[in-house]
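Visitor: 3D, please:
(2 chains)
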There are 2 protein chains.
Amino acid sequence: ELSERLEGFFVPKRLAGRKVVLTAGPTFEAIDPVRGITNISSGKMGYELARACVQAGAEVVLVSGPVSLPVPAGVHRVSVAGARDMREAVFAALPGADVFIGVAAVADYRPLEVAEHKMKKKDGILTLALTQNPDILADVAALPDAPFCVGFAAESQDLDAYAEGKRRKKGLPMLVGNLVQDGMGADDNVVVLYDDAGRHPLPRAPKAEVSHGIVAHLATLLAAAGR
Amino acid sequence: ELSERLEGFFVPKRLAGRKVVLTAGPTFEAIDPVRGITNISSGKMGYELARACVQAGAEVVLVSGPVSLPVPAGVHRVSVAGARDMREAVFAALPGADVFIGVAAVADYRPLEVAEHKMKKKDGILTLALTQNPDILADVAALPDAPFCVGFAAESQDLDAYAEGKRRKKGLPMLVGNLVQDGMGADDNVVVLYDDAGRHPLPRAPKAEVSHGIVAHLATLLAAAGR
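Guide: Predicted structure coming up:
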């Protein structure tokens, strides 16, 4: 923690006086008391970005799905499981927030019904009815007094089309895109930043360094927007 | 690692000369490149039991689903994701094994089809067709030259009925049962051992200590069976 604070000492205070709310990690949607649907997400990118925001001088609330990562120094973490819990925790943290960054790999669907007791094995094919989860990022971005919203898109193909499409559909000023095969679970990442001015690729780097690049871009857009 | 080896020095060598194959952790069954079905399992019980077997003098192969735990000293770990991979790794490790212990929370079902690319969100209710996974423990126990097989049952209710039922159905000489709410994710556990002579509850204890109790019972049954 001392080394984290020392390292943070030399980071430009681009987010001084700002409050940032982030989500990170996967969500876990229960099927029964022992089974569930989840997303592959180590949480590393979100945790590194939370750390970079603190080092840039921000007050940071990190709403996190189940991961086994230590809380970065100075970050206030709120732990959740499902997407609906995550949405509730985000909305509780939003008052006063200047920036919202949705890094979490939120499950798009959850089981329509959750079994109270462990389901017993049956022969043959089983169908599981799934219902759509709330879209936390779209909901936050649609608020009349929305903070500056940054999305993340992890795709397995056609990154530019999917990422820029997601950014426009949700009305986000900025989105960070990456290919699943480039960053998932790894310590390094290759990302492309999308905004109204176009695409801005960042070089492959450790997630900590990528995070500082994202913060720098975010702070520039935030200032340019006169916020 | 030194403290582990020192601690192991004082453990009775009840499994000297034995080869033990264990499974631990959850399995992860892919829905698409980023989503999947999983089970809640920290892997702690299986890893502690693998450690206890090494300390009791056994050669240990631990076939593990995705967990974030260090490999116990002296244990040979094989990492897998889905149930079919786990079955393959278990069968590859079986030659020469005296004991097989199935601790893993293996997903009973996997998606019938795995999407090659990330599925895009659609409105409304979605159904996911699931097909049954192989039953690794039952398959091992049914081998003509089966090792001494130990099962695990984590139930949310009616432990005695479900656990003893599972033991009989799979033809296991020994099964370790616990209630989900007692042990899942925790460092402590309360287990009941089931065998042909009946039920043998162990007191609540750290998983490391519970593991030594399981090994002692297992070694006694193994000797009594003249194996």
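
Visitor: who touches stretch A:78-97?
Guide: Residues from elsewhere that reach stretch A:78-97 (C-beta atoms under 8 Å, 6 or more residues apart in numbering or on different chains): A:19-21, A:23, A:27-30, A:61-66, A:100, A:104, A:106-107, A:110, A:133-134, A:136, A:139-140, A:143, A:147. The C-beta positions use only the backbone N, C-alpha and C, and glycine is treated the same way.

Visitor: among these, which are in reach of chain B?
Guide: Restricting the contacts of stretch A:78-97 to those within reach of chain B (C-beta under 8 Å from any C-beta of the partner chain) leaves A:F28, A:A107.

Visitor: List the buried residues in the longest helix seen in chain A.
Guide: The longest helix of chain A (DSSP state H) is helix A:207-224. Neighbour counts over helix A:207-224 (16 or more other C-beta atoms under 10 Å in any protein chain shown) mark A:207-219, A:221-222 as buried.

Visitor: nearest to chain B, of those?
Guide: Nearest to chain B among the buried residues of helix A:207-224: A:K207, at 16.6 Å, using C-beta to the nearest C-beta.

Visitor: most centrally placed residue in chain A?
Guide: A:V103 (1.1 Å; C-alpha atoms, centre = their mean).

Visitor: which non-adjacent residue is nearest that residue?
Guide: Leaving aside its chain neighbours, A:V103 sits nearest to A:G46 (3.6 Å; criterion: C-beta to C-beta, 6 or more residues apart in numbering or on different chains).

Visitor: Count residues in the vicinity of the one you found, would you?
Guide: A:G46 has 28 neighbours, counted by other C-beta atoms under 10 Å in any protein chain shown.

Visitor: With A:A104 instead?
Guide: Residues within reach of A:A104, counting by other C-beta under 10 Å, total 29.

Visitor: same check, this time on A:E88
Guide: Neighbour count for A:E88, taken as other C-beta under 10 Å: 16.

Visitor: and the gap between it and A:N39?
Guide: Using C-beta to C-beta, to the nearest Å, A:E88 is found at 19 Å from A:N39.

Visitor: A:D139 too?
Guide: Distance from A:D139 to A:N39, counting by C-beta to C-beta: 19 Å.

Visitor: and those two? which has more neighbours close in?
Guide: Shown here are A:D139 and A:N39; by other C-beta under 10 Å, A:N39 has more neighbours (22 against 14).

Visitor: who touches that one in this structure?
Guide: Counted by C-beta under 8 Å, 6+ apart, A:N39 has contacts A:P26, A:T27, A:A105, A:V106, A:A107, B:V34, B:R35, B:G36.

Visitor: still on that earlier bit, please list the residues outside the longest helix of chain A that contact it.
Guide: So helix A:207-224 is contacted by A:11-12, A:14-15, A:18, A:44-45, A:48-49, A:51-53, A:55-56, A:98-99, A:101, A:148, A:150, A:173-174, A:176, A:183, A:187-189, A:191, A:193, A:195, A:200, A:202, A:205 (C-beta under 8 Å, 6+ apart).

Visitor: and stretch A:116-134, how far from the chain's centre?
Guide: Here the centre of stretch A:116-134 is set off from its chain's centre by 28 Å, with C-alpha atoms, centre = their mean, to the nearest Å.

Visitor: Quick one: mean pLDDT for that stretch?
Guide: Here stretch A:116-134 scores 81 as its mean pLDDT.
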